[in-house]
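Asks: Just the structure for this:
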Amino acid sequence: MKPVLIIRTGRAPAPIRARHGDFPHWFRLGAQLEPGRVRVVDVEAGESLPPPGEVAGALITGSAAMVTERAAWSERTAGWIRDAMDVELPMFGVCYGHQLMAHALGGRVDYLPGGREIGTVTIQMLDSARNDPLTDKLPPEFRAHATHEQSVLELPKGATVLASSSRDPYHLVRYGAQAMSAQFHPEFNADVMRAYIHRKHHDMRREGFDPHHTFRQVAPTPLARRLFRQFSRHHGLAAG
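Replies: The predicted structure follows:
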């Protein structure tokens with residue numbers, strides 16, 4: 001059986017890792033992947049990705065890096081994403097992974113106008129989501145956790161936006177039958193979201209946001225997590 005690839009593009013901050021674990025662990029749990037079937041490749045650390053045909057699917061993590069930095073490891077991964085699209089590999093990118101997929105396929109990424117989006121946000125489904133096999137059963141709105149400074153500002157040609165927030169029009173995007181990406185974090189739980197807000201509270205104050213209000217508004221996000229799980233199941237990646 002081919003492995004499921006978790007493409008690691010960064011690490012959670014050390015205090016958060018110490019208490020809550022790190023991206024590969026959250027992704028494996030959120031997507032309900034069997035431990036023995038997961039292969040983690042740390043592209044930020046220079047590890048090489050296998051040919052797309054040798055894996056069953058790929059999940060691309062978030063990162064503290066910025067896509068606009070055009071780091072060599074990031075641009076190599078963008079090239080791999082294009083190759084994976086050519087063979088119709090199931091892929092789901094999150095946050096940095098979402099932005100990197102859009103960049104790789106011809107979209108534009110830059111800083112989100114108005115400053116960072118952070119906390120438990122309301123995601124609004126668009127009409128296009130009603131015809132999508134993974135979102136057609138979702139309600140018109142659901143909650144999701146987010147923390148990002150950059151965002152997708154222009155979609156690649158042929159991409160379909162499925163959901164947005166009041167701050168970001170491209171929160172959930174589909175790139176054909178096998179690949180999609182989310183700016184929000186379906187792998188976060190409420191404790192992880194609170195930990196990020198606590199870590200970013202000085203930056204939030206400087207940018208005119210109230211971290212205490214944002215902290216109090218954190219809530220469970222079961223539908224965002226369910227979407228991640230359904231992607232994994234739909235493409236035969238999940239346990240069971």
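
Asks: buried residues in stretch 67-82?
Replies: The neighbour-count check on stretch 67-82 (16 or more other C-beta atoms under 10 Å) flags 67, 71, 74, 77, 78, 80, 81 as buried. Glycine gets a C-beta too; all of them are placed from N, C-alpha and C.

Asks: need those residues in TSV with secondary structure, pLDDT and distance to residue 180, can you?
Replies: Below are the buried residues of stretch 67-82 laid out as TSV (DSSP: H, G, I helix; E, B strand; the rest coil; pLDDT from 0 to 100; distance: C-beta to C-beta, whole Å):
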residue	secondary structure	pLDDT	distance to residue 180
67	helix	98	17
71	coil	98	24
74	helix	98	20
77	helix	98	17
78	helix	98	17
80	helix	98	17
81	helix	98	13
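
Asks: Please state the backbone phi and psi of the most centrally placed residue in the chain?
Replies: By C-alpha atoms, centre = their mean, the chain has its centre lying nearest to residue 94, at 0.9 Å. The phi and psi torsions at residue 94 (degrees, to the nearest 10) take the values phi -130, psi 130.

Asks: roughly how far apart are it and residue 16?
Replies: 16 Å (C-beta to C-beta, to the nearest Å).

Asks: try residue 83
Replies: 32 Å.

Asks: Equivalent analysis for residue 211, please.
Replies: Distance from residue 211 to residue 16, by C-beta to C-beta: 16 Å.

Asks: again with residue 54
Replies: 32 Å.

Asks: go on, residue 10?
Replies: Applying C-beta to C-beta to residue 10 and residue 16 gives a distance of 12 Å.

Asks: Same question for residue 155.
Replies: From residue 155 to residue 16 the distance is 31 Å (C-beta to C-beta).

Asks: Likewise for residue 227?
Replies: As judged by C-beta to C-beta, residue 227 and residue 16 stand 23 Å apart.

Asks: Between the two, which is the more surrounded one?
Replies: Each of residue 227 and residue 16 has its neighbours counted (other C-beta atoms under 10 Å); residue 227 has more, 27 against 17.

Asks: what about the nearest residue to the more buried one once chain neighbours are set aside, how many neighbours?
Replies: Spatial nearest neighbour of residue 227, chain neighbours left out: residue 186 (5.9 Å); criterion: C-beta to C-beta, 6 or more residues apart in numbering. By other C-beta under 10 Å, the residues close to residue 186 number 23.
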